[in-house]
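Trainee: sequence-free structure coming up:
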Ligand code: FES
(Lines give C-alpha, C1' and ligand atoms only; values in the text may rest on other atoms or scores of the structure.)
Protein backbone atom coordinates (compact mmCIF):
# COMPACT_ATOMS: atom_id res chain seq x y z
CA UNK A 1 0.00 0.00 0.00
CA UNK A 2 2.18 2.76 -1.32
CA UNK A 3 1.07 6.36 -1.41
CA UNK A 4 0.95 8.18 -4.74
CA UNK A 5 3.93 10.21 -3.49
CA UNK A 6 6.19 7.19 -3.02
CA UNK A 7 4.93 5.66 -6.28
CA UNK A 8 5.91 8.77 -8.21
CA UNK A 9 9.19 9.90 -6.62
CA UNK A 10 12.37 8.15 -5.46
CA UNK A 11 14.86 9.87 -3.21
CA UNK A 12 18.49 8.81 -3.77
CA UNK A 13 19.90 6.55 -1.10
CA UNK A 14 22.45 7.72 1.52
CA UNK A 15 25.12 5.75 3.34
CA UNK A 16 24.84 4.82 7.01
CA UNK A 17 27.12 6.48 9.56
CA UNK A 18 30.33 4.51 10.02
CA UNK A 19 32.73 6.06 12.51
CA UNK A 20 32.51 9.01 14.86
CA UNK A 21 31.55 12.55 13.98
CA UNK A 22 31.38 15.97 15.61
CA UNK A 23 28.89 18.62 14.44
CA UNK A 24 27.23 21.72 15.85
CA UNK A 25 23.72 20.27 15.47
CA UNK A 26 22.46 16.71 15.02
CA UNK A 27 18.90 16.15 13.85
CA UNK A 28 17.24 12.81 14.59
CA UNK A 29 14.72 12.03 11.87
CA UNK A 30 14.84 12.48 8.09
CA UNK A 31 11.19 13.38 7.55
CA UNK A 32 9.77 16.79 6.65
CA UNK A 33 10.44 18.31 10.09
CA UNK A 34 13.99 16.96 10.34
CA UNK A 35 15.04 17.85 6.80
CA UNK A 36 13.52 21.34 6.96
CA UNK A 37 15.14 22.01 10.35
CA UNK A 38 18.52 20.82 9.07
CA UNK A 39 18.12 22.88 5.92
CA UNK A 40 17.27 26.10 7.76
CA UNK A 41 20.10 25.52 10.25
CA UNK A 42 22.58 24.97 7.43
CA UNK A 43 21.36 28.08 5.62
CA UNK A 44 21.97 29.97 8.87
CA UNK A 45 25.60 28.79 8.88
CA UNK A 46 25.30 25.89 11.31
CA UNK A 47 27.16 22.63 10.67
CA UNK A 48 24.46 19.96 10.83
CA UNK A 49 23.98 16.23 10.26
CA UNK A 50 20.73 14.27 10.02
CA UNK A 51 20.46 10.67 11.23
CA UNK A 52 17.57 8.58 10.03
CA UNK A 53 16.70 5.05 11.17
CA UNK A 54 15.28 4.13 7.75
CA UNK A 55 15.31 6.16 4.55
CA UNK A 56 14.66 9.88 4.06
CA UNK A 57 10.88 10.37 4.27
CA UNK A 58 10.24 6.72 5.08
CA UNK A 59 7.82 7.62 7.89
CA UNK A 60 4.75 9.81 7.76
CA UNK A 61 6.09 12.31 5.21
CA UNK A 62 5.27 9.81 2.46
CA UNK A 63 1.75 9.19 3.75
CA UNK A 64 0.52 12.74 4.23
CA UNK A 65 -2.12 14.38 2.06
CA UNK A 66 0.42 17.24 1.77
CA UNK A 67 -1.69 20.28 2.52
CA UNK A 68 0.07 23.46 3.55
CA UNK A 69 -2.38 25.53 5.51
CA UNK A 70 -3.02 27.47 8.69
CA UNK A 71 -6.55 26.07 8.69
CA UNK A 72 -6.49 23.23 11.18
CA UNK A 73 -10.13 22.37 11.57
CA UNK A 74 -12.42 24.45 13.76
CA UNK A 75 -9.71 25.54 16.19
CA UNK A 76 -9.54 29.30 16.31
CA UNK A 77 -12.56 29.97 18.50
CA UNK A 78 -11.26 27.32 20.85
CA UNK A 79 -7.75 28.80 20.90
CA UNK A 80 -9.14 32.25 21.66
CA UNK A 81 -11.12 30.75 24.52
CA UNK A 82 -8.37 28.58 26.00
CA UNK A 83 -5.21 30.58 25.27
CA UNK A 84 -6.43 34.15 24.97
CA UNK A 85 -5.92 36.46 22.01
CA UNK A 86 -2.16 36.86 22.24
CA UNK A 87 -1.21 33.19 22.11
CA UNK A 88 -4.01 32.33 19.68
CA UNK A 89 -2.54 35.00 17.40
CA UNK A 90 0.94 33.49 17.81
CA UNK A 91 -0.41 30.12 16.68
CA UNK A 92 -2.25 31.65 13.72
CA UNK A 93 0.68 33.79 12.59
CA UNK A 94 3.25 31.02 12.96
CA UNK A 95 1.20 28.79 10.68
CA UNK A 96 0.25 31.44 8.14
CA UNK A 97 3.90 32.50 7.93
CA UNK A 98 4.81 28.83 7.41
CA UNK A 99 2.50 28.76 4.36
CA UNK A 100 4.25 31.83 2.96
CA UNK A 101 7.69 30.41 3.87
CA UNK A 102 7.02 27.27 1.82
CA UNK A 103 5.93 29.31 -1.18
CA UNK A 104 8.97 31.60 -0.91
CA UNK A 105 11.43 28.72 -0.47
CA UNK A 106 10.00 26.76 -3.39
CA UNK A 107 10.08 29.85 -5.58
CA UNK A 108 13.58 30.94 -4.53
CA UNK A 109 15.16 27.49 -4.86
CA UNK A 110 13.03 26.64 -7.90
CA UNK A 111 11.95 23.34 -6.37
CA UNK A 112 9.83 21.30 -8.82
CA UNK A 113 7.32 19.87 -6.35
CA UNK A 114 3.89 20.45 -7.93
CA UNK A 115 3.12 23.41 -5.66
CA UNK A 116 -0.36 24.80 -6.27
CA UNK A 117 -2.07 27.63 -4.48
CA UNK A 118 -5.50 26.53 -3.26
CA UNK A 119 -8.21 27.64 -0.88
CA UNK A 120 -8.63 25.48 2.21
CA UNK A 121 -12.15 24.74 3.42
CA UNK A 122 -13.47 23.28 6.62
CA UNK A 123 -17.09 22.32 6.02
CA UNK A 124 -19.85 21.36 8.41
CA UNK A 125 -23.55 21.22 9.15
CA UNK A 126 -23.81 24.15 11.60
CA UNK A 127 -23.78 27.40 9.63
CA UNK A 128 -23.65 29.58 12.73
CA UNK A 129 -20.67 27.72 14.19
CA UNK A 130 -18.87 28.02 10.84
CA UNK A 131 -19.59 31.75 10.63
CA UNK A 132 -18.29 32.26 14.17
CA UNK A 133 -15.17 30.26 13.38
CA UNK A 134 -14.56 32.35 10.25
CA UNK A 135 -14.89 35.53 12.32
CA UNK A 136 -12.56 34.20 15.01
CA UNK A 137 -9.90 33.23 12.44
CA UNK A 138 -10.22 36.58 10.62
CA UNK A 139 -9.89 38.45 13.94
CA UNK A 140 -6.47 36.77 14.34
CA UNK A 141 -5.30 38.10 10.98
CA UNK A 142 -5.94 34.95 8.96
CA UNK A 143 -7.35 35.12 5.38
CA UNK A 144 -10.66 33.57 6.52
CA UNK A 145 -14.23 34.05 5.35
CA UNK A 146 -17.51 32.18 5.42
CA UNK A 147 -18.47 30.31 2.24
CA UNK A 148 -22.13 29.43 1.58
CA UNK A 149 -21.38 27.05 -1.23
CA UNK A 150 -19.31 23.89 -0.78
CA UNK A 151 -18.67 22.21 -4.16
CA UNK A 152 -18.18 18.67 -2.90
CA UNK A 153 -20.77 15.89 -2.75
CA UNK A 154 -21.16 15.93 1.03
CA UNK A 155 -24.15 17.57 2.70
CA UNK A 156 -22.87 20.81 4.26
CA UNK A 157 -24.44 24.05 5.44
CA UNK A 158 -21.33 26.00 4.50
CA UNK A 159 -17.62 26.24 5.15
CA UNK A 160 -14.84 28.38 6.50
CA UNK A 161 -12.60 29.29 3.58
CA UNK A 162 -8.93 30.29 3.93
CA UNK A 163 -7.56 31.82 0.74
CA UNK A 164 -3.97 31.56 -0.48
CA UNK A 165 -3.14 28.18 1.06
CA UNK A 166 -1.24 25.49 -0.86
CA UNK A 167 -0.70 21.83 -1.71
CA UNK A 168 2.38 20.06 -3.07
CA UNK A 169 4.23 16.80 -3.63
CA UNK A 170 6.10 16.21 -0.36
CA UNK A 171 8.69 13.76 -1.65
CA UNK A 172 9.66 15.84 -4.68
CA UNK A 173 10.17 18.72 -2.24
CA UNK A 174 12.25 16.61 0.15
CA UNK A 175 14.32 15.08 -2.64
CA UNK A 176 15.39 18.53 -3.71
CA UNK A 177 15.82 20.01 -0.24
CA UNK A 178 17.89 17.13 1.13
CA UNK A 179 20.39 17.21 -1.77
CA UNK A 180 22.87 19.51 -0.06
CA UNK A 181 22.50 18.07 3.44
CA UNK A 182 24.60 15.52 5.32
CA UNK A 183 22.17 12.67 5.94
CA UNK A 184 22.96 9.20 7.30
CA UNK A 185 20.29 6.63 6.46
CA UNK A 186 19.82 3.26 8.14
CA UNK A 187 21.36 4.80 11.23
CA UNK A 188 19.05 4.26 14.20
CA UNK A 189 19.89 6.21 17.32
CA UNK A 190 20.20 3.74 20.17
CA UNK A 191 21.04 6.09 23.00
CA UNK A 192 21.29 9.81 23.65
CA UNK A 193 23.52 11.14 26.40
CA UNK A 194 23.95 14.86 27.02
CA UNK A 195 25.78 15.83 23.79
CA UNK A 196 26.18 12.41 22.18
CA UNK A 197 24.10 10.18 19.94
CA UNK A 198 25.03 6.53 19.89
CA UNK A 199 24.32 4.58 16.71
CA UNK A 200 25.32 1.01 15.78
CA UNK A 201 28.46 2.01 13.93
CA UNK A 202 29.43 5.37 15.31
CA UNK A 203 28.83 8.18 17.77
CA UNK A 204 27.91 11.78 16.97
CA UNK A 205 28.96 14.55 19.32
CA UNK A 206 26.75 17.63 18.90
CA UNK A 207 26.25 20.90 20.76
CA UNK A 208 22.57 20.81 19.84
CA UNK A 209 20.37 17.76 19.38
CA UNK A 210 16.95 17.93 17.70
CA UNK A 211 14.39 15.15 18.08
CA UNK A 212 12.34 15.34 14.88
CA UNK A 213 11.49 11.64 14.73
CA UNK A 214 7.67 11.79 14.87
CA UNK A 215 7.31 10.34 18.41
CA UNK A 216 10.20 10.95 20.87
CA UNK A 217 11.51 7.47 21.69
CA UNK A 218 13.11 8.27 25.05
CA UNK A 219 10.74 7.89 27.99
CA UNK A 220 12.78 10.15 30.25
CA UNK A 221 13.33 13.01 30.44
CA UNK A 222 10.32 14.70 28.88
CA UNK A 223 7.71 11.99 29.51
CA UNK A 224 6.29 12.56 26.04
CA UNK A 225 4.64 9.16 26.08
CA UNK A 226 2.34 10.43 28.84
CA UNK A 227 1.19 13.42 26.83
CA UNK A 228 0.84 12.12 23.28
CA UNK A 229 -1.30 9.52 21.65
CA UNK A 230 -1.45 8.49 17.99
CA UNK A 231 -4.28 8.30 15.47
CA UNK A 232 -4.59 6.65 12.09
CA UNK A 233 -6.43 7.79 8.98
CA UNK A 234 -6.91 6.31 5.51
CA UNK A 235 -6.75 7.66 1.96
CA UNK A 236 -7.86 6.53 -1.51
CA UNK A 237 -6.53 8.05 -4.72
CA UNK A 238 -9.26 8.04 -7.39
CA UNK A 239 -9.00 8.36 -11.14
CA UNK A 240 -12.04 9.64 -13.02
CA UNK A 241 -13.36 11.67 -10.08
CA UNK A 242 -13.94 15.43 -10.42
CA UNK A 243 -11.66 18.37 -9.73
CA UNK A 244 -12.74 19.93 -6.44
CA UNK A 245 -10.65 23.11 -6.81
CA UNK A 246 -9.62 23.28 -3.19
CA UNK A 247 -8.63 21.34 -0.08
CA UNK A 248 -11.54 20.25 2.08
CA UNK A 249 -11.83 18.76 5.54
CA UNK A 250 -14.81 18.16 7.74
CA UNK A 251 -15.11 20.17 10.93
CA UNK A 252 -17.04 17.30 12.49
CA UNK A 253 -15.90 13.95 13.83
CA UNK A 254 -16.01 11.07 11.35
CA UNK A 255 -15.94 13.33 8.28
CA UNK A 256 -13.98 13.13 5.05
CA UNK A 257 -11.26 15.11 3.34
CA UNK A 258 -10.75 15.87 -0.36
CA UNK A 259 -8.01 17.33 -2.52
CA UNK A 260 -6.76 16.76 -6.06
CA UNK A 261 -3.28 15.92 -7.26
CA UNK A 262 -3.25 16.32 -11.01
CA UNK A 263 -6.10 14.22 -12.39
CA UNK A 264 -6.52 12.27 -9.16
CA UNK A 265 -8.84 12.97 -6.27
CA UNK A 266 -7.65 12.03 -2.78
CA UNK A 267 -10.48 10.96 -0.50
CA UNK A 268 -9.52 10.63 3.17
CA UNK A 269 -11.23 9.68 6.40
CA UNK A 270 -11.96 6.85 8.83
CA UNK A 271 -9.83 8.28 11.65
CA UNK A 272 -9.35 6.23 14.77
CA UNK A 273 -7.00 5.95 17.68
CA UNK A 274 -4.09 3.63 16.88
CA UNK A 275 -4.69 0.20 18.39
CA UNK A 276 -8.46 0.56 18.21
CA UNK A 277 -9.04 -0.81 14.75
CA UNK A 278 -11.99 -2.99 15.71
CA UNK A 279 -12.99 -5.31 12.93
CA UNK A 280 -11.39 -3.08 10.30
CA UNK A 281 -13.17 -2.34 7.04
CA UNK A 282 -11.80 1.22 6.86
CA UNK A 283 -10.74 1.04 3.23
CA UNK A 284 -14.01 -0.69 2.34
CA UNK A 285 -16.05 2.11 3.85
CA UNK A 286 -14.03 4.70 1.91
CA UNK A 287 -14.59 2.63 -1.25
CA UNK A 288 -18.33 2.63 -0.61
CA UNK A 289 -18.27 6.43 -0.32
CA UNK A 290 -16.20 6.70 -3.50
CA UNK A 291 -18.72 4.53 -5.37
CA UNK A 292 -21.65 6.60 -4.02
CA UNK A 293 -20.17 10.05 -4.66
CA UNK A 294 -17.97 9.42 -7.69
CA UNK A 295 -19.56 6.59 -9.68
CA UNK A 296 -17.28 5.43 -12.46
CA UNK A 297 -14.13 6.51 -10.63
CA UNK A 298 -11.30 3.99 -10.25
CA UNK A 299 -9.00 3.51 -7.28
CA UNK A 300 -5.31 3.74 -8.17
CA UNK A 301 -3.78 3.76 -4.69
CA UNK A 302 -4.70 3.46 -1.03
CA UNK A 303 -2.61 4.09 2.05
CA UNK A 304 -2.83 5.22 5.65
CA UNK A 305 -1.12 7.76 7.88
CA UNK A 306 -0.42 8.09 11.56
CA UNK A 307 -0.38 11.32 13.55
CA UNK A 308 0.75 12.29 17.05
CA UNK A 309 -1.95 14.08 19.01
CA UNK A 310 -1.45 16.35 22.04
CA UNK A 311 -4.11 16.87 24.72
CA UNK A 312 -4.56 20.58 23.96
CA UNK A 313 -4.27 20.27 20.17
CA UNK A 314 -1.04 22.29 19.97
CA UNK A 315 2.27 20.71 18.90
CA UNK A 316 5.31 20.49 21.17
CA UNK A 317 8.11 22.56 19.65
CA UNK A 318 11.04 23.79 21.68
CA UNK A 319 13.27 22.63 24.52
CA UNK A 320 12.99 18.91 25.10
CA UNK A 321 13.22 19.14 28.90
CA UNK A 322 14.50 21.58 31.51
CA UNK A 323 17.27 19.12 32.41
CA UNK A 324 18.58 19.03 28.82
CA UNK A 325 18.96 22.64 27.64
CA UNK A 326 20.72 21.58 24.42
CA UNK A 327 18.01 19.12 23.30
CA UNK A 328 15.03 20.24 21.21
CA UNK A 329 11.84 18.52 20.12
CA UNK A 330 9.26 18.83 17.35
CA UNK A 331 6.30 16.49 17.73
CA UNK A 332 2.54 16.33 18.23
CA UNK A 333 1.76 17.82 14.82
CA UNK A 334 -1.89 16.67 14.93
CA UNK A 335 -2.98 16.21 11.31
CA UNK A 336 -0.93 19.15 10.09
CA UNK A 337 2.54 17.78 9.65
CA UNK A 338 3.56 19.74 6.57
CA UNK A 339 2.75 23.19 7.90
CA UNK A 340 3.93 22.40 11.40
CA UNK A 341 7.24 21.08 10.07
CA UNK A 342 7.97 24.55 8.74
CA UNK A 343 6.79 26.16 11.99
CA UNK A 344 9.13 23.82 13.93
CA UNK A 345 12.09 24.35 11.66
CA UNK A 346 11.76 28.12 11.99
CA UNK A 347 11.37 28.13 15.77
CA UNK A 348 14.19 25.62 16.34
CA UNK A 349 16.55 27.44 13.97
CA UNK A 350 15.96 30.64 15.95
CA UNK A 351 16.36 28.94 19.32
CA UNK A 352 19.59 27.16 18.32
CA UNK A 353 20.89 30.40 16.82
CA UNK A 354 20.28 32.19 20.13
CA UNK A 355 17.45 34.32 18.74
CA UNK A 356 14.14 34.77 20.46
CA UNK A 357 11.30 33.33 18.41
CA UNK A 358 8.06 35.30 18.63
CA UNK A 359 6.20 31.97 18.45
CA UNK A 360 8.11 29.91 20.97
CA UNK A 361 5.76 30.37 23.90
CA UNK A 362 2.54 28.94 22.47
CA UNK A 363 4.32 25.75 21.35
CA UNK A 364 6.58 25.37 24.42
CA UNK A 365 6.60 21.67 25.40
CA UNK A 366 6.55 22.44 29.13
CA UNK A 367 3.24 24.33 28.94
CA UNK A 368 1.14 21.29 29.73
CA UNK A 369 2.15 21.04 33.34
CA UNK A 370 -0.75 23.35 34.03
CA UNK A 371 -2.77 23.79 30.85
CA UNK A 372 -3.96 20.34 29.78
CA UNK A 373 -4.41 18.21 32.81
CA UNK A 374 -7.95 17.11 31.88
CA UNK A 375 -6.89 15.91 28.45
CA UNK A 376 -3.82 14.20 29.81
CA UNK A 377 -5.90 12.39 32.36
CA UNK A 378 -8.22 11.15 29.61
CA UNK A 379 -5.24 9.95 27.56
CA UNK A 380 -3.70 8.35 30.61
CA UNK A 381 -6.99 6.58 31.18
CA UNK A 382 -6.82 5.11 27.70
CA UNK A 383 -3.28 3.91 28.39
CA UNK A 384 -4.36 2.28 31.64
CA UNK A 385 -7.25 0.67 29.82
CA UNK A 386 -4.75 -0.80 27.36
CA UNK A 387 -2.59 -2.13 30.19
CA UNK A 388 -5.58 -3.57 32.01
CA UNK A 389 -6.69 -5.38 28.86
CA UNK A 390 -3.38 -7.14 28.77
CA UNK A 391 -3.78 -8.55 32.24
CA UNK A 392 -7.45 -9.34 32.45
CA UNK A 393 -8.72 -10.37 29.04
CA UNK A 394 -8.48 -14.05 28.30
CA UNK A 395 -8.89 -15.65 24.93
CA UNK A 396 -10.14 -19.07 23.99
CA UNK A 397 -9.29 -18.70 20.33
CA UNK A 398 -6.82 -21.26 18.96
CA UNK A 399 -4.36 -20.67 16.14
CA UNK A 400 -6.34 -23.13 13.96
CA UNK A 401 -9.28 -20.71 14.02
CA UNK A 402 -7.30 -17.89 12.39
CA UNK A 403 -8.04 -17.91 8.64
CA UNK A 404 -5.12 -17.71 6.17
CA UNK A 405 -4.08 -14.11 5.53
CA UNK A 406 -5.39 -12.98 8.93
CA UNK A 407 -4.06 -12.40 12.44
CA UNK A 408 -5.35 -12.49 15.98
CA UNK A 409 -4.62 -13.20 19.61
CA UNK A 410 -4.75 -16.89 20.48
CA UNK A 411 -4.05 -19.25 23.33
CA UNK A 412 -0.82 -21.13 22.54
CA UNK A 413 0.50 -23.67 25.04
CA UNK A 414 -1.39 -21.90 27.83
CA UNK A 415 -0.18 -18.39 26.94
CA UNK A 416 -1.68 -15.56 24.96
CA UNK A 417 0.31 -14.82 21.83
CA UNK A 418 -0.32 -13.01 18.58
CA UNK A 419 -0.50 -15.10 15.44
CA UNK A 420 -0.47 -14.19 11.78
CA UNK A 421 -1.21 -16.98 9.33
CA UNK A 422 0.30 -16.72 5.85
CA UNK A 423 -1.79 -17.54 2.80
CA UNK A 424 0.03 -20.92 2.66
CA UNK A 425 -0.97 -21.61 6.28
CA UNK A 426 2.40 -21.04 7.96
CA UNK A 427 2.08 -19.38 11.34
CA UNK A 428 4.09 -16.38 12.59
CA UNK A 429 3.95 -15.75 16.33
CA UNK A 430 4.51 -12.43 18.09
CA UNK A 431 4.70 -11.29 21.70
CA UNK A 432 1.59 -9.17 22.21
CA UNK A 433 3.17 -7.19 25.06
CA UNK A 434 4.34 -3.92 23.57
CA UNK A 435 8.08 -3.59 24.20
CA UNK A 436 7.60 0.11 24.96
CA UNK A 437 5.67 -0.09 28.23
CA UNK A 438 3.86 -3.42 28.08
CA UNK A 439 0.35 -2.63 26.80
CA UNK A 440 -1.43 -5.36 24.89
CA UNK A 441 -1.13 -5.00 21.13
CA UNK A 442 -4.17 -5.25 18.87
CA UNK A 443 -4.41 -6.77 15.38
CA UNK A 444 -5.17 -4.16 12.71
CA UNK A 445 -6.94 -6.06 9.90
CA UNK A 446 -6.80 -3.14 7.47
CA UNK A 447 -3.04 -2.76 7.61
CA UNK A 448 -2.23 -6.31 8.73
CA UNK A 449 -0.16 -4.92 11.59
CA UNK A 450 0.08 -5.17 15.36
CA UNK A 451 -0.77 -1.78 16.87
CA UNK A 452 -0.47 -0.47 20.42
CA UNK A 453 -3.45 1.41 21.87
CA UNK A 454 -1.36 3.19 24.50
CA UNK A 455 1.16 5.26 22.57
CA UNK A 456 0.77 3.98 19.02
CA UNK A 457 3.79 1.77 18.34
CA UNK A 458 3.26 -0.49 15.33
CA UNK A 459 4.73 -3.77 14.08
CA UNK A 460 4.21 -5.61 10.82
CA UNK A 461 2.47 -9.01 10.63
CA UNK A 462 5.80 -10.76 11.20
CA UNK A 463 6.55 -8.65 14.29
CA UNK A 464 9.06 -6.23 12.77
CA UNK A 465 8.95 -2.70 14.18
CA UNK A 466 7.22 -0.21 11.87
CA UNK A 467 7.15 2.82 14.14
CA UNK A 468 7.78 3.77 17.79
CA UNK A 469 8.03 4.84 20.50
CA UNK A 470 8.92 1.11 20.87
CA UNK A 471 12.39 0.33 19.58
CA UNK A 472 12.37 -3.45 19.26
CA UNK A 473 10.73 -6.17 17.19
CA UNK A 474 8.16 -8.54 18.72
CA UNK A 475 8.62 -11.69 16.64
CA UNK A 476 8.70 -14.95 18.61
CA UNK A 477 10.54 -18.09 17.53
FE1 LIG B 1 3.73 2.58 24.72
FE2 LIG B 1 3.00 0.41 23.43
S3 LIG B 1 3.56 2.29 22.60
S4 LIG B 1 3.11 0.72 25.55
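Mentor: Cool, the structure landed. Remember, predicted model here, so these are calculated numbers, not experimental data.

Trainee: Give me the three-state assignment for residue 81.
Mentor: Applying DSSP: H, G, I helix; E, B strand; the rest coil to residue 81 yields a three-state assignment of helix.

Trainee: Report whether residue 183 is found in a helix, as I expect.
Mentor: No: under three-state DSSP, residue 183 falls outside any helix and is assigned strand.

Trainee: Return the distance of it relative to residue 169.
Mentor: Distance, residue 183 to residue 169, using C-beta to C-beta, to the nearest Å: 19 Å. To be clear about C-beta, it is placed using only N, CA and C from the backbone, and glycine gets the same treatment.

Trainee: Also residue 204?
Mentor: 31 Å.

Trainee: Check residue 397 too.
Mentor: Distance, residue 397 to residue 169, by C-beta to C-beta: 44 Å.

Trainee: Comparing the two, which residue is more hemmed in?
Mentor: Between residue 397 and residue 169, residue 169 has the larger neighbour count (other C-beta atoms under 10 Å), namely 21 against 14.

Trainee: Show the backbone phi and psi for that one.
Mentor: phi -100, psi 110 (degrees, to the nearest 10).

Trainee: ok, now which ones touch it?
Mentor: By C-beta atoms under 8 Å, 6 or more residues apart in numbering, the contact list for residue 169 reads 5, 8-9, 66, 113-114, 261.

Trainee: and if you look at residue 217?
Mentor: 189, 468-469, 471.

Trainee: Let's see that with 7 Å instead.
Mentor: 468-469, 471 (C-beta atoms under 7 Å, 6 or more residues apart in numbering).

Trainee: and it, what are its phi and psi?
Mentor: Dihedral angles for residue 217 - degrees, to the nearest 10 - are phi -90, psi -10.

Trainee: And the pLDDT at it?
Mentor: What the model reports as pLDDT for residue 217 is 92.

Trainee: Excluding sequence neighbours, find me the nearest residue to the residue of the stretch 1-150 of the chain found nearest the ligand.
Mentor: Closest approach between the stretch 1-150 of the chain and the ligand, counting by C-beta to the nearest ligand atom: residue 59, at 15.4 Å. For residue 59, ignoring the flanking residues on the chain, the nearest one in space by C-beta to C-beta, 6 or more residues apart in numbering is residue 31 at 5.0 Å.

Trainee: what about the chain, any weak spots by pLDDT?
Mentor: In the predicted model of the chain, residues 369-394, 396 satisfy pLDDT under 70.

Trainee: Get me the contact residues on it for the ligand.
Mentor: Proximity of the chain to the ligand, by C-beta under 6 Å from any ligand atom, involves residues 225, 434, 436-439, 452, 454-457, 469-470.

Trainee: change it to 5 Å
Mentor: For the chain, the residues in contact with the ligand (C-beta under 5 Å from any ligand atom) are 434, 436-437, 439, 452, 454-455, 457.

Trainee: Dump these into TSV; add secondary structure and neighbour count as well.
Mentor: Output for the residues of the chain next to the ligand, formatted as TSV (DSSP: H, G, I helix; E, B strand; the rest coil; neighbours: other C-beta atoms under 10 Å):
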residue	secondary structure	neighbour count
434	coil	28
436	coil	20
437	coil	18
439	coil	25
452	coil	29
454	coil	29
455	coil	27
457	coil	30
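
Trainee: Which single one of these is nearest to residue 353?
Mentor: When those are compared for distance to residue 353 (C-beta to C-beta), residue 455 wins out at 32.2 Å.

Trainee: How about the contacts made by that closest one?
Mentor: 225, 228-230, 436, 469.

Trainee: do that again at 6 Å, thanks
Mentor: Counting by C-beta atoms under 6 Å, 6 or more residues apart in numbering, residue 455 touches 225, 469.

Trainee: Checking my notes, residue 344 in a helix, right?
Mentor: Yes: under three-state DSSP, residue 344 sits within a helix.

Trainee: can you count the residues close to it?
Mentor: Number of residues near residue 344 (other C-beta under 10 Å) recorded here: 31.

Trainee: The one 3 residues further on too?
Mentor: With neighbours defined by other C-beta under 10 Å, the count for residue 347 comes to 26.

Trainee: Now it: closest residue in space, sequence neighbours ignored.
Mentor: residue 357 (4.6 Å).

Trainee: how close does residue 79 sit to residue 323?
Mentor: Using C-beta to C-beta, residue 79 is found at 30 Å from residue 323.

Trainee: and if you look at residue 266?
Mentor: According to C-beta to C-beta, residue 266 and residue 323 sit 43 Å apart.

Trainee: Of the two, which one has the most company?
Mentor: Each of residue 266 and residue 323 has its neighbours counted (other C-beta under 10 Å); residue 266 has more, 24 against 10.

Trainee: who touches the more buried one in this structure?
Mentor: 65, 235, 237, 259.
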